[in-house]
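[1] My questions concern the predicted model and sequence given below.
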Amino acid sequence: MCIRDRSDSIFSQKLRGLTAKESCFIKGPLGNCVFKDDYKKVGFIIGGIGITPVISMFEYIVKRKLNTDVILFYSNRREEDIAFKDKLDEFQKFYPNKKLSILLLMSNPQGRSVYLDA
């Protein structure tokens, strides 16, 4: 399980408040987030820890050496908030045919606000 302890959300506060002997019920995963081999072009717009299911899809694409164009827009507050940064760097380095584009967007780098307007 991947839990990042950087959010001040109510959910994160409750999670941090659990003690070692307490338990909680977690439901999921929910939705239909399955990569199909015949996809030729795929785009993702992801924020924060929402990258987790995309990492497994990237692993699948690389392992199977699929001929898929992939673009990822991945937003975080700061560079140090990027989950799986090493994996993303590795995917870009070894992706077959160099068909993977990863664009990292920071909403608050070094305390400044930056906006993407497209």
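    Nice, I can see it. Residues are numbered from 1 along each chain as shown.

[2] show me what contacts Leu103?
    Shown in contact with Leu103 (Cβ atoms under 8 Å, 6 or more residues apart in numbering): Ile71, Leu72, Phe73, Tyr74. Heads up, the C-betas are built off the backbone N, CA and C, glycines and all.

[3] got the buried residues for the helix or strand where it lies?
    According to DSSP states H and E, Leu103 maps onto strand 100-106. Residues of strand 100-106 classed as buried under the neighbour-count rule (16 or more other Cβ atoms under 10 Å) are Leu100, Ile102, Met106.

[4] okay, it in PDB with CA atoms only?
    This file holds the C-alpha atoms of strand 100-106, laid out as PDB (Å, rounded to 0.1, in the frame of the first residue of the first chain):
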ATOM      1  CA  LEU A 100       6.800   8.100 -23.700                       C
ATOM      2  CA  SER A 101       6.400  11.800 -22.900                       C
ATOM      3  CA  ILE A 102       6.200  12.800 -19.200                       C
ATOM      4  CA  LEU A 103       5.400  16.500 -18.400                       C
ATOM      5  CA  LEU A 104       5.800  17.300 -14.700                       C
ATOM      6  CA  LEU A 105       3.800  20.300 -13.500                       C
ATOM      7  CA  MET A 106       4.400  22.000 -10.200                       C
END
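
[5] Tell me the strands beside that strand, with direction?
    strand 69-76 (parallel) (DSSP bridges).

[6] what is the mean pLDDT for the strand it pairs with?
    Averaged over strand 69-76, pLDDT sits at 89.

[7] And stretch 34-52, by the same measure?
    Confidence over stretch 34-52 (mean pLDDT, whole number) is 88.

[8] how long is that stretch from one end to the other?
    Separation of the first and last residues of stretch 34-52 by Cα to Cα, to the nearest Å is 13 Å.

[9] For Pro53, which non-adjacent residue is closest in space?
    With Cβ to Cβ, 6 or more residues apart in numbering as the criterion, Pro53 has its nearest non-adjacent residue at 4.9 Å, and that residue is Cys33.

[10] On the three-state scheme, that neighbour is what?
    Assigned with DSSP: H, G, I helix; E, B strand; the rest coil, Cys33 falls in the coil class.
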